[in-house]
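Chemist: sequence and predicted structure, then a few things I'm wondering about:
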Amino acid sequence: MSRLGTITRRTFLGLAAVAAGGIAVGYYYYRKPYPNPLEDGLAEGEVTFNPYVKIGTDETITVIAPRAEMGQGISTTLAAFVAEELDVTLDRVRVEHGPASYAYYNAALLEEGGGFNFWDDSFTAETVRGMMGGAGKMLGLQATGGSTAARDGFDRMRQAGAAARTMLIDAAAARLGVAATELETENGTIVHEASGRSLTYGSVATDAAELSPPSEVRLREPAQWKLLGKPQPRVDMLDKVTGAPIFGIDIREPDMLFATVRMSPVFGAKPIRSDLTAAEAMPGVVKIVPIESTYGSGFGVIAENTWAAFKAAEAIDVEWGEPAYPATHDAIVAMIADAARSGDAAAMRDDGDVDVAFADAPPERVIEAEYSVPYLAHAPMEPMNCTARLKDGVLDVWAPNQMPVLVRWFCSDIAGVPGERTNVHTTSMGGAFGRRGELDYALYATILAKETDGRPVQVTWTREEDMRRGVYRPASAGLFRARIGDDGLPVAVDMRIAAQNMMASLTSRLFPSLPAGGSDPAITDGSRNQPYTIPNYRVSEIQVPLTIPVSFWRSVGNSVNGFFHEAFMDEIAHAGGIDPVEMRRKLMADFPAAVAVVDKVAEMSGWGEPLPEGKARGFAFTLSFGSWCGQVVQIADTPAGIKLEKMWIAVDVGTALDPGIIETQMTSGAVFGLSAAMGQELTFTDGKVDQSNFHDFDAVRMHQAPAFEVAILQNFHKMGGVGEVGTPPAAPALANAIFALTGKRIRSLPLGKEVAFA
């Protein structure tokens, strides 16, 4: 099939935005930088060199790391980019998230949105990536997601540090009356070795800031790195272990009110009857405000404290409307499964001629299977919250969020104040996993701030509200078949994958006036773009017209298709009588980076070596977010159930910026994937989510987690992401291990519905 057939609606809109936003009217506008947002908020004695660096005459060095810190360590890596080229150690810098600003656009977030495989370096693929990156700049979208933060900041933030260092050296050269080439830097000091004189960065910062930035800078080669490529102490660790008030839920402002929301648990439904009398009469209640938004309908309860708001919200007597989707869980699941079997399909990958390959296949050489996964909540430890204050025509929003510019756009519109009079203060986050890329919590806080006469109001969701009125990882179903050749390898594979259009769902909440059709690459991500060479290989998308709100979830579509694709590949290997790892080696022979990962994780785990009775291993591989990840999990049959003993992970990230953070993110991602695989699902009764808290939507506990061993490779020529990469292979590796142990092929998650875990 032509590559043009995989160009998605997101690609089209992105390219259209480039043309509408500026590239069409001249390259100059594309190259022109956004204004430095730090210039208007400098402290006395402080200067700024660019959007990423501030230096004070008191020697304080501040680095702006403008991506959300949700526990993944990105503030450390981004700070290291600047510190590396500024030639200071991380303990010399203070790290801030910084303001909402177009200057902090994320170009990398859109670069891979053109439907091309990550390994495709063709002229067309690179051209589209360049245009999509240009769209990212034109849109000015400051966003954290898609495991792109480090990739996006790698060049830009190192250049910022190098430019500041050059300006400081030039200012010192003028002060000392020597050539700049005679000066060196060492951890915040500029040294003239010949004369023994030196100047600190702070002493020349004011002079340096008056100079013009260099038009070009020379960045350090990896062999010269002092910080990058080595594990660094986390810049946020001290605050976290000492309980510093760094999270959104910690915000305290003078004269603050507290609030919560109670939104319709039937998505899209409005109250058809309500009585607020009892709730309004409760002690501490200030006001109850109706809420109508694109996210839902309900009530906001403003009170003198959070507990009073919670209890009053419970006391609201309300009857909600009926769902516009099937009311029962079984009906929802059946609708998705029926779509996978017989819905209209669009091929997202179509190599060879699949229909011809199956036409004359002997029945005994064809295998077929149906797979499914449920809706999932994000369930971050810190529930949704936001604090807002509308006073004297200025809106301040304190929000643990992944999209500061969008928060500013939408909240300023609700408050009726200009964007330049809207301040978004992005806090650290107690988990996010994509959930804080949505805006509902910030919109609700702004709506309630309009009702408090200038007093700040902190809106905190109950855990039940967070679980039952959120946005979810889409449920999905797939119909899979393969023809096995005489050599045991697949001759043809046909994959039909059905799910809701996540991009359309998101558009309906943020831009409801826009059309919401077109393809959604998330439906097939992790199946259509894997490094397998199979002569006839088709992966099709089927959209399911459900209106349950769905959105980004850690690893997005890869979390679904990692399970579908790799569990079915394991079925193919066993049907063909081939070792699962050996089959991957043969099918991935055209991709050396993939084979190296497979070889490494097989070596680490002792794959192929005999195991004692009652133990087994499972293997899975997924290329996602530019990184090639293989996992092997070893399990044991015990009287208490199946015990996860150990997991080995090999990952090729292209360039390893901080091996310590990479290792923790691989294990974190794997635990996230194992949690979903073992026991998590959302079910529905009367159109409402049944689950409400961690007692019925639990994560892997410490005693259940396997021991981990991680190997980091750097073979591929492009840098990959880290934060989500460990999640997709975890579920299929475990499912494949269960098959190896028990002979039972489980094709539906969570696995805990079929087997018991210790």
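Modeler: Yes, it's here. Residues are numbered from 1 along each chain as shown.
Chemist: where does the stretch 51-200 of the chain have low pLDDT?
Modeler: Across the stretch 51-200 of the chain, nothing is flagged by pLDDT under 70.
Chemist: now the strands for it?
Modeler: 53-56, 61-64, 93-96, 184-186, 189-192, 197-200 (DSSP state E, counting those that start in this stretch).
Chemist: pick the most buried one from those.
Modeler: strand 53-56 (a mean of 26; mean count of other C-beta atoms under 10 Å). Bear in mind the C-beta positions are built from the backbone N, C-alpha and C, glycine included.
Chemist: contacts for it next, please.
Modeler: For strand 53-56, the external contacting residues (C-beta atoms under 8 Å, 6 or more residues apart in numbering) are 38, 42-43, 45-49, 60-64, 82, 86, 160-161, 164, 168, 201-202, 205, 208.
Chemist: most distant residue from the middle of this structure?
Modeler: Distance from the C-alpha centroid of the chain, by C-alpha atoms, centre = their mean, peaks at Ser195 (51.6 Å).
Chemist: just the strands in the stretch 501-650 of the chain please.
Modeler: Under DSSP E, counting those that start in this stretch, the stretch 501-650 of the chain gives strands at 536-543, 615-624, 627-638, 641-652.
Chemist: now the stretch 351-500 of the chain
Modeler: For the stretch 351-500 of the chain, the strands defined by DSSP E, counting those that start in this stretch cover 366-373, 385-391, 394-399, 422-426, 457-460, 476-484, 490-499.
Chemist: distance check, the residue farthest from the centre of the chain against Thr181.
Modeler: 14 Å (C-beta to C-beta, to the nearest Å).
Chemist: what helices and strands are in contact with the top helix by length along the chain?
Modeler: In the chain, assigned by DSSP state H, the helix with the most residues is helix 149-176. Judged by 3 or more C-beta pairs under 8 Å, 6 or more residues apart in numbering; DSSP states H and E, the packing partners of helix 149-176 are strand 46-50, strand 53-56, helix 74-86, helix 108-111, strand 184-186, strand 189-192, strand 197-200, helix 201-209.
Chemist: tabulate those (CSV), appending distance to Leu506.
Modeler: CSV is the format used below for those (distance: least, C-beta to C-beta, whole Å):
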stretch, distance to Leu506
strand 46-50, 32
strand 53-56, 34
helix 74-86, 23
helix 108-111, 14
strand 184-186, 46
strand 189-192, 49
strand 197-200, 49
helix 201-209, 41
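Chemist: to Val266, which of these lies closest?
Modeler: Val266 sits nearest to helix 108-111 of all the helices and strands packed on helix 149-176, at 32.8 Å, using C-beta to C-beta.
Chemist: kindly export the helix or strand harbouring Glu709 (C-alpha atoms) in PDB.
Modeler: For Glu709, the element it lies in under DSSP states H and E is strand 707-713. Provided in PDB are the C-alpha atoms of strand 707-713 (Å, rounded to 0.1, in the frame of the first residue of the first chain):
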ATOM      1  CA  ALA A 707      13.700  -8.500  40.700                       C
ATOM      2  CA  PHE A 708      14.900  -6.500  37.700                       C
ATOM      3  CA  GLU A 709      18.100  -6.500  35.600                       C
ATOM      4  CA  VAL A 710      18.400  -3.900  32.900                       C
ATOM      5  CA  ALA A 711      20.900  -3.600  30.100                       C
ATOM      6  CA  ILE A 712      21.200  -0.300  28.100                       C
ATOM      7  CA  LEU A 713      22.400  -0.500  24.500                       C
END
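Chemist: switch to numbering from 638
Modeler: Yep, numbering from 638; the last one is strand 1344-1350 now.
Chemist: strands paired with it, and their directions?
Modeler: strand 1278-1289 (parallel) (DSSP bridges).
Chemist: what mean pLDDT does stretch 1248-1259 have?
Modeler: Averaging pLDDT along stretch 1248-1259 yields 98.
Chemist: buried residues of it, list them for me.
Modeler: Neighbour-count burial for stretch 1248-1259 flags 1252-1259 (criterion: 16 or more other C-beta atoms under 10 Å).
Chemist: I'd like the strands of the stretch 688-837 of the chain written out as TSV, with distance to Val1290 added.
Modeler: Shown next, in TSV, are these (distance: least, C-beta to C-beta, whole Å):
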stretch	distance to Val1290
strand 690-693	26
strand 698-701	23
strand 730-733	23
strand 821-823	29
strand 826-829	34
strand 834-837	36
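Chemist: looking at those, spot the one closest to Val1094.
Modeler: strand 730-733 (24.6 Å).
Chemist: which strands and helices lie in contact with the closest one?
Modeler: Packed against strand 730-733 by the contact rule (3+ C-beta pairs under 8 Å, 6+ apart) you find strand 698-701, helix 711-723.
Chemist: I'd like those as CSV, with distance to Gly1125 appended.
Modeler: Output for the helices and strands packed on strand 730-733, formatted as CSV (distance: least, C-beta to C-beta, whole Å):
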stretch, distance to Gly1125
strand 698-701, 55
helix 711-723, 44
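Chemist: hmm, Asp912 is touching Phe936, no?
Modeler: No: with contacts counted by C-beta atoms under 8 Å, Asp912 stays clear of Phe936, the gap being 11.4 Å.
Chemist: neighbour count winner among these two?
Modeler: Taking other C-beta atoms under 10 Å, Asp912 and Phe936 do not tie; Phe936 has more neighbours (21 against 12).
Chemist: and stretch 965-981, which residues are buried?
Modeler: 966, 969-970, 972-974, 976-977, 980.
Chemist: possible to save those residues as TSV with secondary structure?
Modeler: Shown next, in TSV, are those (DSSP: H, G, I helix; E, B strand; the rest coil):
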residue	secondary structure
His966	helix
Ile969	helix
Val970	helix
Met972	helix
Ile973	helix
Ala974	helix
Ala976	helix
Ala977	helix
Gly980	coil
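Chemist: distance of Thr879 from Ala702?
Modeler: 20 Å.
Chemist: neighbour count: the two, which is higher?
Modeler: Taking other C-beta under 10 Å, Thr879 and Ala702 do not tie; Ala702 has more neighbours (27 against 7).
Chemist: quick check: closest non-adjacent residue to that one.
Modeler: Nearest-residue entry for Ala702: Leu715, 3.8 Å, with adjacent residues in sequence omitted and distances by C-beta to C-beta, 6 or more residues apart in numbering.
Chemist: hang on, the earlier thing: can you tell me which of the helices and strands packed on strand 730-733 is packed in deepest?
Modeler: helix 711-723 (a mean of 27).
Chemist: just want the angle from that helix to helix 786-813.
Modeler: Interaxial angle, helix 711-723 versus helix 786-813 (axes from the mean of the first three to the mean of the last three C-alpha atoms, to 10 degrees): 30 degrees.
Chemist: ok, how many other residues are close to Met1220?
Modeler: Counted with other C-beta under 10 Å, Met1220 comes out at 23.
Chemist: list the contacts of the closest residue to it other than its chain neighbours.
Modeler: Nearest residue to Met1220, sequence neighbours excluded (C-beta to C-beta, 6+ apart): Ala1210, at 4.3 Å. By C-beta under 8 Å, 6+ apart, Ala1210 lies in contact with 1125, 1216-1217, 1220.
Chemist: before we move on, back to that, buried residues in the strand holding Glu1346, which are they?
Modeler: For strand 1344-1350, burial by neighbour count (16+ other C-beta under 10 Å) applies to 1345-1350.
Chemist: helices and strands around the helix or strand containing Met985, which ones?
Modeler: Assigned by DSSP H and E, Met985 falls within strand 983-988. Counting contacts by 3+ C-beta pairs under 8 Å, 6+ apart, strand 983-988 is packed against strand 1173-1180.
Chemist: got the CA positions of the strand it packs on in CSV?
Modeler: Output of strand 1173-1180 as CSV, limited to C-alpha atoms (Å, rounded to 0.1, in the frame of the first residue of the first chain):
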residue,chain,number,x,y,z
ASN,A,1173,2.3,-10.5,3.6
TYR,A,1174,1.6,-8.3,6.6
ARG,A,1175,-1.6,-6.3,7.1
VAL,A,1176,-2.6,-4.3,10.1
SER,A,1177,-6.0,-2.6,10.0
GLU,A,1178,-7.8,0.0,12.1
ILE,A,1179,-11.5,-0.3,12.9
GLN,A,1180,-13.0,2.7,14.8
